[in-house]
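Undergrad: structural data only, the sequence is not supplied:
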């Protein structure tokens, strides 16, 4: 079986980060195909790769799977031994729920705190709506850690799809210097220290593209 993961800029593409972190942290071999955002925020040269003209897309042999959550589900199904969802049924239901909530929600946080790994914008984007969404993220992390996290330092103990889904939010909280309660901060630090996240961030830091659509708090030099 041949896997190709099509992504965009590592500095900006939160959607791409999720399956890349999932595959890398799980030790699943894949070929990376990196495309680039245009100034308008579109993905250049995407047509041969994605039926939606968006990233990420995981090609499994000659079949594309698009959308980050669908890729997580497909990967977990292909590699059951990796235990990418919690083994406990109740925990698994919660993991899927919070992953879907992350996938579909938190629009104000996304809009006002776009992912930008190489930059630092303390306290930017802190609208009342964003503050409420930050509180919700913290609540999810604290609840999952207290109820299901006894086996390790991640949301459900060991690494799961849910941690991959929240990894871009962890990076946002670092970029915008969001102060977190102790349990949430410990979780965020754990995610930042995952080898997969370190590798992704290292790749982001060497990129030099400037995409105006993703830079509301900076100007091109």
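TA: Cool, got the structure. Note that the structure is a prediction, hence the values are computed from the model and not measured.
Undergrad: and the top helix by length along the chain, average pLDDT?
TA: Secondary structure of the chain per DSSP state H: the longest helix is helix 128-148. When pLDDT is averaged over helix 128-148, the result is 98.
Undergrad: mind listing what's buried along that helix?
TA: Using 16 or more other CB atoms under 10 Å as the test for burial, helix 128-148 gives 130, 133-134, 137-138, 140-142, 144-145, 148. C-beta coordinates here come from the backbone N, C-alpha and C atoms, glycine included.
Undergrad: residue boundaries of the strands in the protein?
TA: 3-7, 31-34, 57-60, 63-66 (DSSP state E).
Undergrad: could I get those strands as CSV with distance to residue 120 and mean neighbour count?
TA: CSV is the format used below for those (distance: least, CB to CB, whole Å; neighbours: other CB atoms under 10 Å):
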stretch, distance to residue 120, mean neighbour count
strand 3-7, 23, 21
strand 31-34, 24, 14
strand 57-60, 31, 22
strand 63-66, 32, 15
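Undergrad: for residue 213, which of the ones you listed is the nearest?
TA: strand 3-7 (17.1 Å; CB to CB).
Undergrad: the closest one pairs with which strands?
TA: Applying DSSP bridges, strand 3-7 is found paired with strand 31-34 (parallel), strand 57-60 (antiparallel).
Undergrad: please state the offset of the last one from the chain centre?
TA: If I follow you right, that is strand 57-60. Here the centre of strand 57-60 is set off from its chain's centre by 17 Å, with CA atoms, centre = their mean, to the nearest Å.
Undergrad: now do stretch 148-162
TA: Relative to its chain's centre, stretch 148-162 lies at 16 Å (CA atoms, centre = their mean).
Undergrad: 48 is where my numbering starts, stick with that
TA: With 48 as the first residue, the last one maps to stretch 195-209.
Undergrad: ok, and what's touching it?
TA: 69, 72-73, 119-120, 122-123, 130-133, 135, 138, 141-142, 145-146, 188, 191-192, 210, 213, 233-234, 237-238, 241 (CB atoms under 8 Å, 6 or more residues apart in numbering).
Undergrad: now residue 172: closest residue in space, sequence neighbours ignored.
TA: Counting by CB to CB, 6 or more residues apart in numbering, residue 159 is the residue found nearest to residue 172 once chain neighbours are left out, at 3.4 Å.
Undergrad: repeat that for residue 260.
TA: Residue 260 sits nearest to residue 88 (CB to CB, 6+ apart), 3.4 Å away.
Undergrad: hang on, that neighbour packs against residue 263?
TA: No: counting by CB atoms under 8 Å, residue 88 stays clear of residue 263, with 11.8 Å between them.
Undergrad: can you give me the helices for this structure?
TA: Taking DSSP H as the test, the helices found in the chain are 61-72, 115-125, 136-151, 154-159, 175-195, 208-222, 229-239, 242-252.
Undergrad: OK, contacts around the nearest residue in space to residue 230 that is not next to it in sequence?
TA: Counting by CB to CB, 6+ apart, residue 230 lies nearest to residue 189, which is 5.0 Å off, once chain neighbours are set aside. Counting by CB under 8 Å, 6+ apart, residue 189 touches 228, 230-231.
Undergrad: then residue 104?
TA: By CB under 8 Å, 6+ apart, residue 104 lies in contact with 52-53, 96-97, 111-113, 118.
Undergrad: most widely separated two among these?
TA: 96 and 118, at 13.2 Å, using CB to CB across the contacts of residue 104.
Undergrad: compare these two (neighbour count), which wins?
TA: residue 118 (25 against 19; other CB atoms under 10 Å).
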